[in-house]
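Trainee: based on what follows, work out the 3D shape:
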Amino acid sequence: MPIPESFIQELKLRSDIVDVISSYVNLKKAGRNLVGLCPFHNEKTPSFSVSAANGFFHCFGCGVGGDVITFIKRIENLDYVDAVKFLAQRAGMTVPEDNRNDGLSNLRNRIYEANREAARFYHKQLYTPEGKEALEYLRGRQLTEKTIIHFGLGYSPKSRFELVNHLKSKGFTNSELIQSNLANESKRGYPFDRFSDRVMFPIIDLYGNVIAFGGRIMSDIKPKYLNTSETPAFNKSRNLFALQFAKKKAKGQLILVEGYMDVIALHQAGFENAVATLGTALTTEQAMIIKRYCDEVVICYDADEAGQKATARAISILRPTGLNIKVLTVPNGKDPDEFIKSYGDQGPGRFRMLLEKSGNDIEFRLNKLRARYNTDITAQRVEFLTESARLLSEIDNRIEQDIYISKLSEELNVEKSAIKQQVMRYVKSNNRQAGAKQQRELSRMISAENDKINSEKPYNLRAANAEEALIALLMYDPDTALKILRKFSSDIFITSFDRKVYEILQDRAMKGYDFSLADISGEFTNDEVSRIAKILASHPRENDSEAAAREYIGVLREQAEQLTPEQIANADNDTIMEQLKKLREKKK
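Mentor: Below is the predicted model of the structure:
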């Protein structure tokens, strides 16, 4: 049976949307609503709005929106049922047994179980004769037995069937092994081990679930690292290696490094606040996760060209979050693991000194610019200052900006006012570009260009706008809604998506159920819920709901009587004459 309606109602009462979202986003009061930086895309100016009174959120920048359940679905990468369970646990409630065949949720749980059993299998293999080389590799990297156990490190055998056979003996099906990406599928449809002859690194989420693996080859075979592909239980853009440990030791700061071994070496050396991305460049989602657990992030990537490019990219993604960003460059082109080991017992102390002396991201970027120009040559000095002014124009804090302008003025013996004037030119240019982009986005929204949810809207703009206004009115005003929903069928709607929303509202109203966004979100995809949230955010409450409803219904009836361009092209003379007669009568 589905989750009882009464339980969802109680869960809504105990899951205040502002309280829930505030644990992920820093919200500030702005009129009737609260605003903050969107956790779902990279932005500098807050466009993420939460309506406490109406129980929904909407980002005017990326279009994401919904109710408290939708928010948890997106931020925690869960399906509807698991999001309900997440909120229930938070509220101290127990979800009634649901006997439905909840496919995705059940599959995710089976993948967790398979991964957990695989992690045990890999760890045991490390201590077999076949795993001797892998164990020697880890010990050669100076990892202690305690560290190996703490991170659950293991070994995948050379045979491509040992793990598959082991998991099948535990009751897992071929389909489950393939969907968990623990196995690949042969041309004949048989599963075989994805990982072979590799040191294995389990990836664990914040709740203790083994969600994926990274495997390092010990030979020259490529790729050096092989990672689990995305599965129903794993999204590499929304997780960080060792965060389950680091969050407890963060104390306001996380160290971001490139690889698993760097993280493990730092943890062993006492820097248990280190994390790494999962085989990809830093993403916006990961930046927002980091923001949840600290105020300051220290980027400690490799000193080579690739590492420096990755550092610059990470800075551009982290800065809009409001985090204080520092950059630690390890001397002599070494990575953190190599640096600490090269100094023996003094390694951790020396690394801590580097950590304390690390400069912020602006200093890092200015130093990168200095390396490109010879400021003793006038033309290059001008280029350096021009590029520096462009960089400083990105700083929102005017005091911080002024400090760097002063430093450049003293360093290059150039009037501070001249540098400041150039910086402000770029600030104005940035603002113009941002304004133009916002205007383009607004124009697209108004014209419904590229509308993927309601593809019929661009061709029925007036009707679709009336439909959306009516839907918002019905969801805001239950009393008026009952009168409308009982009187008018969904036939008055022109576009299919809006008709679907109306029919669901109508069905719930007839059954005596509530029909706020939180009540109906389980009937729609995330993108569809975002559209409904956008409808609510774009249409404020009406003072006279009944009069407004009649007006919108009038527009829909009028539009329904008009022929579409396709109908006109295919209509006979009698139909065309009848339509013209109606139009003449309306003009009278």
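Trainee: low-confidence regions, the stretch 1-150 of the chain specifically.
Mentor: Low-confidence segments of the stretch 1-150 of the chain (pLDDT under 70): 1-2, 97-103.
Trainee: how about the helices in it?
Mentor: 5-14, 17-22, 68-76, 80-91, 103-125, 132-140, 145-150 (DSSP state H, counting those that start in this stretch).
Trainee: quick check: can you name the pairing partners of the next helix or strand along the chain from the last one and their directions?
Mentor: What it means is helix 145-150. Following helix 145-150 in sequence order, the next helix or strand is strand 154-156 (DSSP states H and E). Applying DSSP bridges, strand 154-156 is found paired with strand 198-204 (antiparallel).
Trainee: and the next helix or strand past the partner strand?
Mentor: Scanning forward in sequence from strand 198-204 by DSSP H and E, the next helix or strand is strand 210-217.
Trainee: tell me the pLDDT at Gln438?
Mentor: Per-residue confidence (pLDDT) for Gln438: 60.
Trainee: re earlier: winner for burial among the helices of the stretch 1-150 of the chain?
Mentor: For the helices of the stretch 1-150 of the chain, the largest average neighbour count (mean count of other C-beta atoms under 10 Å) is found in helix 68-76, namely a mean of 24. (Glycine included, C-beta is placed from N, CA and C.)
Trainee: using PDB, list the CA coordinates for it.
Mentor: C-alpha atoms of helix 68-76 as PDB (Å, rounded to 0.1, in the frame of the first residue of the first chain):
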ATOM      1  CA  VAL A  68      10.400  20.300   1.400                       C
ATOM      2  CA  ILE A  69      10.300  16.700   0.000                       C
ATOM      3  CA  THR A  70      11.500  17.800  -3.400                       C
ATOM      4  CA  PHE A  71      14.400  19.800  -1.800                       C
ATOM      5  CA  ILE A  72      15.600  16.700   0.100                       C
ATOM      6  CA  LYS A  73      15.200  14.600  -3.100                       C
ATOM      7  CA  ARG A  74      17.500  16.900  -5.000                       C
ATOM      8  CA  ILE A  75      20.100  17.800  -2.300                       C
ATOM      9  CA  GLU A  76      20.500  14.300  -1.000                       C
END
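Trainee: now what about that helix, what contacts it?
Mentor: If you take C-beta atoms under 8 Å, 6 or more residues apart in numbering as the criterion, helix 68-76 is touched by 12, 15-17, 20-21, 24, 39-40, 55, 57, 64, 66, 78-80, 83-84, 86-87, 517-518, 521-522, 526, 529-530, 533.
Trainee: for Leu206, find the nearest of the helices of the stretch 1-150 of the chain.
Mentor: helix 68-76 (8.9 Å; C-beta to C-beta).
Trainee: now the angle between helix 80-91 and that closest one, please.
Mentor: Per axes from the mean of the first three to the mean of the last three C-alpha atoms, to 10 degrees, the angle that helix 68-76 makes with helix 80-91 is 100 degrees.
Trainee: and helix 68-76, how far from the chain's centre?
Mentor: 10 Å (C-alpha atoms, centre = their mean, to the nearest Å).
Trainee: give me the angle between that helix and helix 5-14.
Mentor: Going by the same axes, to 10 degrees, helix 68-76 makes 70 degrees with helix 5-14.
Trainee: hmm, back to that, save the helices of the stretch 1-150 of the chain as TSV, and put in distance to Asn431 too.
Mentor: Shown next, in TSV, are these (distance: least, C-beta to C-beta, whole Å):
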stretch	distance to Asn431
helix 5-14	41
helix 17-22	29
helix 68-76	30
helix 80-91	38
helix 103-125	44
helix 132-140	53
helix 145-150	50
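Trainee: Leu355 is nearest to which of those helices?
Mentor: helix 145-150 (20.2 Å).
Trainee: tell me which residues of the strand or helix carrying Ile532 are tucked away?
Mentor: Following DSSP H and E, one finds Ile532 within helix 526-538. Within helix 526-538, the residues scored as buried using 16 or more other C-beta atoms under 10 Å are Asn526, Glu528, Val529, Ser530, Arg531, Ile532, Ala533, Lys534, Ile535, Leu536, Ala537.
Trainee: now do stretch 122-140: everything it contacts.
Mentor: Residues contacting stretch 122-140 (C-beta under 8 Å, 6+ apart): 148, 152-158, 162-163, 198-200, 202, 213, 218.
Trainee: one more: stretch 198-210?
Mentor: Here stretch 198-210 makes contact (C-beta under 8 Å, 6+ apart) with 112, 115-116, 118-119, 122, 134, 137-138, 151-156, 211-218, 226, 228, 233-234, 239, 241, 243-244, 247, 260, 278.
Trainee: just the buried residues of those.
Mentor: Among those, those buried by neighbour count (16+ other C-beta under 10 Å) are 112, 115-116, 118-119, 122, 134, 138, 151-156, 211-217, 226, 228, 233-234, 239, 241, 243-244, 247, 260, 278.
Trainee: before we move on, the earlier item: closest one of the buried residues of helix 526-538 to Pro348?
Mentor: Closest approach between these and Pro348, by C-beta to C-beta: Asn526, at 44.5 Å.
Trainee: can you give me the strands in the stretch 151-300 of the chain?
Mentor: 154-156, 183-185, 191-193, 198-204, 210-217, 225-227, 252-257, 274-276, 294-299 (DSSP state E, counting those that start in this stretch).
Trainee: chain center to the second one: distance?
Mentor: Counting by C-alpha atoms, centre = their mean, strand 183-185 is centred 28 Å from the centre of its parent chain.
Trainee: stretch 506-519 now?
Mentor: In terms of C-alpha atoms, centre = their mean, the centre of stretch 506-519 is found 30 Å from the chain centre.
Trainee: equivalent analysis for stretch 224-240, please.
Mentor: 14 Å.
Trainee: stretch 186-203: end-to-end distance?
Mentor: In stretch 186-203, first residue to last residue: 26 Å (C-alpha to C-alpha, to the nearest Å).
Trainee: if we can go back for a sec, pLDDT check: weakest of the contacts of stretch 122-140?
Mentor: Across the contacts of stretch 122-140, the bottom pLDDT score, 87, is held by Met218.
Trainee: can you tell me the closest non-neighbouring residue to it?
Mentor: In space, not counting the residues next to it along the chain, Met218 is nearest to Tyr137; the distance is 5.5 Å by C-beta to C-beta, 6 or more residues apart in numbering.
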